[in-house]
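1. The following comprises the amino acid sequence and a computationally predicted model.
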Amino acid sequence: MINSTQVSYFTFGAYFDIGLFKYLFFLIIICFYAVIICANLLLIVVICINRSLHEPMYLFLCSLFVNELFGSTVLFPFLLVQILSDIHTISAPFCFLQIYCVYNYANIQFINLSIMSYDRYLAICYPLQYNTRMTSNKVTVLIALTWFYPFVGDAVLISLSAPLQLCGNIINKVYCDNYSIVKLACSDTRVNNIYGLINTCLVILGLLILILYTYMMIFKVCYSGSKQTRQKAVSTCTPHLASLINFSFGCFFEIVQSRFDMSSVPMMLRIFLSLYFLTCQPIFNPLMYGLQMSKIRSLCKSLIFDSGIVRQPRDSEAALPNSLEPPLPSNPEALQPSLVIDVRLDQLVPESGVPVDVSHAPHLLSAPASSVLTVARPTPASSFLLQRGSTFGGGIIAGLQRVFAVLLGHDRGSAFAIS
């Protein structure tokens with residue numbers, strides 16, 4: 001008869017003595033963790049404070065970054081403690097809590113990436129119907145389901161694994177893993193296996209089919225669409241596709257390592273592969289989305305480099321009056337609708353053909369370039385003939401007769417916009 005018991009703690013068998021190098025690894029990991037925290041927090045803040053980013057795609061990204069903060073916080077502080085410790089053990093309740101959190105992180109990550117692929121599918125394949133199909137209520141429901149389903153599903157998983165009678169307490173990894181504990185069980189684990197199979201089919205296979213379908217349709221639209229459609233698809237789908245491949249790569253090696261005998265693989269490589277999806281993904285996504293997406297990149301630059309800096313007005317801007325509205329004539333009936341045109345002061349002449357003398361109006365010479373100008377049409381006695389050049393033709397010149405202008409410009413050669 002096999003002795004079984006309800007263990008109170010587990011021992012990690014993947015740690016080994018590295019001497020003083022443990023302090024070097026401790027420093028590297030804590031710096032890596034700090035970069036992950038800063039990068040993800042920066043993007044979360046940028047998305048939250050900028051209303052222009054309150055769109056479905058960016059809200060899904062915000063959920064993704066929050067999950068990465070959650071996953072890295074579950075693992076990194078624990079690794080830092082274990083590296084400096086001489087005895088690599090963990091209590092059973094804390095071990096199951098870590099399993100619950102790690103599995104939550106992995107499931108939320110995969111579901112979130114799948115929903116983002118569906119969002120890209122709607123944006124590229126149905127651009128005119130996107131706002132009606134991806135409403136704010138739908139975004140809220142999808143994000144809520146992204147977090148709710150893993151919390152419930154993984155709670156059931158832990159409730160099945162925790163009561164198992166175990167024949168040992170050594171886990172050959174650097175953190176707790178559910179399958180490693182199930183392999184230590186002396187009791188019947190058929191229920192655990194059946195639930196694991198069903199959960200895998202629903203989460204992994206179901207979402208994988210959704211991802212493959214959405215990208216098949218996206219590639220089909222890009223193949224038959226215009227160059228602009230292809231460029232939009234590449235710019236928005238490249239970060240998501242790279243993130244999905246990177247995460248799938250890490251999860252694949254973790255599953256292979258848990259299910260098969262990897263004793264022939266060097267220990268350091270096994271540790272790296274088991275930690276890849278938990279350590280590299282939280283730093284890969286912020287860098288990928290922050291560098292690839294121009295909107296996020298520009299807002300991050302403005303937040304980092306322009307925060308707290310008050311822009312000083314230029315000398316030419318200081319001369320700009322508070323109001324650009326011209327004085328109204330005494331006869332209101334003489335007013336006609338205003339015009340908008342781009343003219344030059346040195347090309348402004350009256351009907352007589354004699355150049356206008358602006359020496360009596362020095363504010364016209366000191367105002368900045370590209371000023372907004374309101375022009376009303378008063379009585380014929382104060383009308384002007386605006387000549388913009390031969391390219392406008394006589395028809396435009398005739399149409400601009402009999403206008404009264406109050407000009408704001410930088411000098412006689414400045415361009416004006418009349419509105």
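-> Nice, I can see it.

2. Met293 and Pro239: what is the separation?
-> 6 Å (Cβ to Cβ, to the nearest Å). C-beta: built from backbone N, CA, C; applies to glycine.

3. So Tyr237 sits against Ile218, correct?
-> Actually, residue 237 is Cys. It isn't Tyr. Yes. Between Cys237 and Ile218 there is a contact under Cβ atoms under 8 Å: 6.4 Å.

4. which residues do these two both contact?
-> Between them, Cys237 and Ile218 share these contacting residues under Cβ atoms under 8 Å, 6 or more residues apart in numbering: Arg120, Ile124.

5. In the stretch 101-250 of the chain, mark out all the helices, start to finish.
-> All helices of the stretch 101-250 of the chain, identified by DSSP state H, counting those that start in this stretch, fall at 130-133, 136-161, 178-183, 190-200, 206-224, 227-259.

6. just those helices: most buried one?
-> helix 178-183 (a mean of 19; mean count of other Cβ atoms under 10 Å).

7. Just the CA atoms of that one, as PDB, please.
-> Output in PDB follows, covering the C-alpha atoms of helix 178-183 (Å, rounded to 0.1, in the frame of the first residue of the first chain):
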ATOM      1  CA  ASN A 178      -1.000  22.400 -11.000                       C
ATOM      2  CA  TYR A 179       0.100  19.500 -13.200                       C
ATOM      3  CA  SER A 180       3.200  18.900 -11.100                       C
ATOM      4  CA  ILE A 181       1.000  18.500  -8.000                       C
ATOM      5  CA  VAL A 182      -1.400  16.200  -9.800                       C
ATOM      6  CA  LYS A 183       1.500  13.900 -10.800                       C
END
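
8. So which elements touch that helix?
-> Helix 178-183 is packed against helix 92-125, helix 136-161, helix 227-259, with contacts defined by 3 or more Cβ pairs under 8 Å, 6 or more residues apart in numbering; DSSP states H and E.

9. so what does the longest one touch, helix or strand wise?
-> If I follow you right, that is helix 92-125. For helix 92-125, the packing partners by 3+ Cβ pairs under 8 Å, 6+ apart are strand 9-12, helix 56-84, helix 130-133, helix 136-161, helix 178-183, helix 206-224, helix 227-259, helix 267-279.

10. Ile30: which of the ones you listed is closest?
-> helix 56-84 (6.1 Å; Cβ to Cβ).

11. what's the angle between that closest one and helix 267-279?
-> Here the directions of helix 56-84 and helix 267-279 differ by 140 degrees (axes from the mean of the first three to the mean of the last three Cα atoms, to 10 degrees).
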